[in-house]
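Trainee: got a predicted structure plus its sequence, pasted below:
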Amino acid sequence: MTSHFPQSSLTRSPYSPRTLLNTVMTVLAFFCGVLALVPLLAVLSYVLFKGFSSLSLDVFTQLPPAPFRQGGGFGNAILGTLLMVGIGALISIPTGVLTAIYLTEFSSGKIARWVRFATNVLSGVPSIIAGVFAYGIVVLTLVNLKLGSYSALGGGFALAILMLPTIVRTTDEALQLVSQDLRQASVGLGATKLQTVTQVVLPAALPAIVTGSTLAIARASGETAPLLFTALFSSFWPNGLLKPTASLAVLVYNFAISPFKNWQSLAWAASLILVLMVLITSIIARWATRQKA
Amino acid sequence: MAINASTMNGTQVVLRTEDLNIYYGNFLAVQNIWLDIPKNQVTAFIGPSGCGKSTLLRCYNRLNDLIETFRAEGKVFFGDHNLYAPHIDPVEVRRRIGMVFQRPYPFPKSIKENIAFGVRINGYKGNMDELVERSLRQAALWDEVKDKLNQSGLSLSGGQQQRLCIARAIAVQPEVILMDEPCSALDPISTLRVEEMIHELKEQYTIVIVTHNMQQAARVADKTAFFNVKTSEKGGRTGYLVEYAPTELIFNNPQQEDTKAYISGRFG
């Protein structure tokens, strides 16, 4: 039988179009990869470079100084950020995880489709809108009840709205990845739906849920716009949940646009602390879930 | 009523289906099944792919309830109870009729917890360590895992995982154990161990096993049911029971042409 294929040799030719294309594309992909890393490294190194010099222990323990006065810190903003992200997490993680459990485990197709769609829309809502919403719901209510106005509660609520879609989506995806066979194995042993979800499905999906929540926390701690309307800012230590509260993000915004040298350098230090906080949160979450798996 | 005559040639009947039809939506998956499963014996379901043997098996502990479009018509008796009667609690049914699946799926927990989980949700009050050991011994796994009970069940080999799944099924002391191709993902040595175990287990339990492997059916089963599948004019494939008899008869002297063709390897 004669072959209709061209004669081919087994040796690799370095100049054949296929090899050349391969080399070119590999190099191109490598450079794109490097290019994608540049912004991250540039931001990190610049923040580190500018912020490190103004870093001191006072930064954590002192209140913001008056203009032109050396020293001082922003302990109140660190505490305020932790407080408001904490409130946000406290609202959004239980709500988000329960929503996702409902979506994957208990809902029928139609409702789930709408909830998922709404979640996606919510995740696209600009953060400033979330701030206005929280202003309307929490801040104005507090004013009407004569309990307060701008507050940590309002800020935390605004952050919760921003965190919610991320948590719902990542938890939803994590639960869907849990094998159907695992659920059947549990149900086949005589477990109820509740026992299956809480004792088999959730533990299996926990690492992904923790990762998703960390992502949401990381994103929320850097948000500025929603806090401008809701928590405002304060030069004093947080004093209850119903008072205006400082946060790192708003402090960076306020101080960076100020004309005072000492405030500007504090803004750099605050940026560095903010980046480090996010970094540490994700490292802790990674570490905690690795122990589990 | 002939329904409650719970004996069949002197052996007790544990599970009995009467005119069972299984639907997925409007599609008839399994048709017109009349079948008695004898107590303390091994019954094998064989047949080509798509003949509904696994579907039927999952009817016995109402695992098909998890599939939204599933619907069963007819009766499945467990003792005197029709399992599909409205007052029956499917969770309770699954506690009495256990299941071992095709692929081993240990829970992402320790070996010990894999067994303790089912035991605990069934309200067991006795000594857990003792029960874990007894179940693992029955599943011929104890010697291999006794020093690492706190390691993850996922760290075991495939054959060990399947025996762990069997141990976890027998730990809750069901009356019937359903096995859905329990050896299809196992190597020959693990398969042999599982088969040996099945022989021992039938002293205490009634076992129904679905298998693609006819030698396996011949080795382990007392009775064998052969299912086949037919295609309707509309293209739907419906499974039905062809022949049900003691295993030697099915393999040495089948009464139906289809059975003869299948066991001699001419189709399926």
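Mentor: The structure has been received and is ready for your questions.
Trainee: how long is stretch B:169-188 from one end to the other?
Mentor: For stretch B:169-188, the separation between the terminal residues is 22 Å (C-alpha to C-alpha, to the nearest Å).
Trainee: now that stretch: buried residues?
Mentor: Of all the residues in stretch B:169-188, those buried under the rule 16 or more other C-beta atoms under 10 Å in any protein chain shown are B:169-183, B:185-186. (Glycine included, C-beta is placed from N, CA and C.)
Trainee: what does the pLDDT read for whichever residue of the stretch 51-200 of chain A sits closest to chain B?
Mentor: The stretch 51-200 of chain A approaches chain B most closely through A:G190 (3.2 Å), counting by C-beta to the nearest C-beta. We note a pLDDT of 89 for A:G190 in this prediction.
Trainee: what's around it, how many residues?
Mentor: If you count neighbours by other C-beta atoms under 10 Å in any protein chain shown, A:G190 ends up with 24.
Trainee: same for the stretch of helix or strand A:I217 belongs to, what does it pack against?
Mentor: Remark: A:I217 resides in helix A:202-221, with elements defined by DSSP states H and E. Helices and strands touching helix A:202-221, as assessed by 3 or more C-beta pairs under 8 Å, 6 or more residues apart in numbering or on different chains; DSSP states H and E, comprise helix A:75-101, helix A:152-177, helix A:261-292.
Trainee: ok, 10 Å please
Mentor: helix A:75-101, helix A:152-177, helix A:248-256, helix A:261-292 (3 or more C-beta pairs under 10 Å, 6 or more residues apart in numbering or on different chains; DSSP states H and E).
Trainee: gap between it and the chain center?
Mentor: On the basis of C-alpha atoms, centre = their mean, to the nearest Å, helix A:202-221 sits 9 Å off its chain's mean C-alpha point.
Trainee: any buried residues in it, and which?
Mentor: Neighbour-count burial for helix A:202-221 [16+ other C-beta under 10 Å]: A:202, A:204-218, A:220-221.
Trainee: which stretch of helix or strand covers residue 233?
Mentor: With no chain named, the answer covers chain A. Counting by DSSP H and E, A:F233 is held by no secondary-structure element, helix or strand.
Trainee: enumerate every residue touching it.
Mentor: A:64, A:76-77, A:80, A:150, A:227, A:244-247, A:250-251, A:253-254 (C-beta atoms under 10 Å, 6 or more residues apart in numbering or on different chains).
Trainee: can you pull the contacts of the closest residue to A:Q199 other than its chain neighbours?
Mentor: Spatial nearest neighbour of A:Q199, excluding adjacent residues (C-beta to C-beta, 6 or more residues apart in numbering or on different chains): B:F117 at 6.4 Å. Applying C-beta under 10 Å, 6+ apart, we find B:F117 in contact with A:A185, A:S186, A:L189, A:A191, A:Q195, A:Q199, A:V200, B:F107, B:K109, B:R168, B:A171, B:V172.
Trainee: distance from the next helix or strand along the chain from the helix holding A:I217 to the middle of the chain?
Mentor: Sequence-wise, the next helix or strand beyond helix A:202-221 is helix A:225-230, with elements assigned using DSSP H and E. The chain centroid and the centroid of helix A:225-230 are separated by 17 Å, computed with C-alpha atoms, centre = their mean.
Trainee: elements contacting helix A:225-230?
Mentor: In this structure, helix A:225-230 makes packing contacts with helix A:75-101, helix A:127-134, helix A:152-177, helix A:248-256, judged by 3+ C-beta pairs under 10 Å, 6+ apart.
Trainee: which of the ones you listed has the highest mean neighbour count?
Mentor: helix A:152-177 (a mean of 25; mean count of other C-beta atoms under 10 Å in any protein chain shown).
Trainee: so does it get close to chain B?
Mentor: No. Counting by C-beta under 10 Å from any C-beta of the partner chain, no contacts exist between helix A:152-177 and chain B, the nearest distance being 12.4 Å.
Trainee: skipping adjacent residues, who's closest to the residue in chain B that chain A sits nearest to in space?
Mentor: When distances are taken as C-beta to the nearest C-beta, chain B approaches chain A most closely through B:R95, which lies 3.2 Å from it. Distances taken as C-beta to C-beta, 6+ apart place A:G190 nearest to B:R95, at 3.2 Å, with adjacent residues excluded.
Trainee: and that neighbour, which of the three is it?
Mentor: Under DSSP: H, G, I helix; E, B strand; the rest coil, A:G190 falls in the coil class.
Trainee: sorry, back to before: how close does the residue nearest to A:Q199 get to A:V200?
Mentor: 8 Å (C-beta to C-beta, to the nearest Å).
Trainee: name the residues contacting each of those two.
Mentor: By C-beta under 10 Å, 6+ apart, B:F117 and A:V200 have these common neighbours: A:A185, A:S186, A:L189, A:A191, B:F107, B:K109.
Trainee: so which of those residues comes closest to B:Y205?
Mentor: A:L189 (14.8 Å; C-beta to C-beta).
Trainee: surely that closest one touches B:R96?
Mentor: No. With contacts counted by C-beta atoms under 10 Å, A:L189 stays clear of B:R96, the gap being 11.4 Å.
Trainee: OK, contacts around B:N64?
Mentor: Per C-beta under 10 Å, 6+ apart, neighbours of B:N64: B:I22, B:Y24, B:A29, B:S54, B:T55, B:L56, B:L57, B:R58, B:F70, B:R71, B:A72, B:P90.
Trainee: and chain A, which of these contact it?
Mentor: Judged by C-beta under 10 Å from any C-beta, the overlap between the contacts of B:N64 and the neighbourhood of chain A comprises B:R58, B:P90.
Trainee: by neighbours, which of the contacts of B:N64 wins?
Mentor: Top of those by neighbour number is B:L56, holding 27 neighbours under the definition other C-beta under 10 Å.
Trainee: can you give me the pLDDT of that residue?
Mentor: Confidence per residue is given as pLDDT, and for B:L56 that number is 93.
Trainee: apart from its chain neighbours, what residue comes closest to it?
Mentor: Closest residue in space to B:L56, ignoring its immediate chain neighbours: B:V30 at 5.6 Å, by C-beta to C-beta, 6+ apart.
Trainee: where does that neighbour land on pLDDT?
Mentor: For B:V30, the pLDDT comes out at 91.
Trainee: please pull up the helix or strand immediately following the lengthiest helix in chain A.
Mentor: Residue-count comparison of every helix in chain A, with assignments taken from DSSP state H, identifies helix A:17-52 as the longest. Proceeding C-terminally, helix A:17-52 gives way to helix A:58-61 as the next helix or strand, assigned by DSSP H and E.
Trainee: pLDDT below threshold where in the stretch 151-293 of chain A?
Mentor: Counting by pLDDT under 70, the stretch 151-293 of chain A contains low-confidence ranges at A:291-293.
Trainee: ok, the most centrally placed residue in chain B - contacts?
Mentor: Within chain B, the residue whose C-alpha comes closest to the C-alpha centroid is B:L178; the distance, by C-alpha atoms, centre = their mean, is 2.0 Å. By C-beta under 10 Å, 6+ apart, the contact list for B:L178 reads A:188, B:15, B:37, B:45, B:54, B:56-61, B:63, B:94, B:97-101, B:169, B:206-210.
Trainee: same thing but 6 Å
Mentor: By C-beta atoms under 6 Å, 6 or more residues apart in numbering or on different chains, the residues touching B:L178 are B:L57, B:Y60, B:M99, B:V208.
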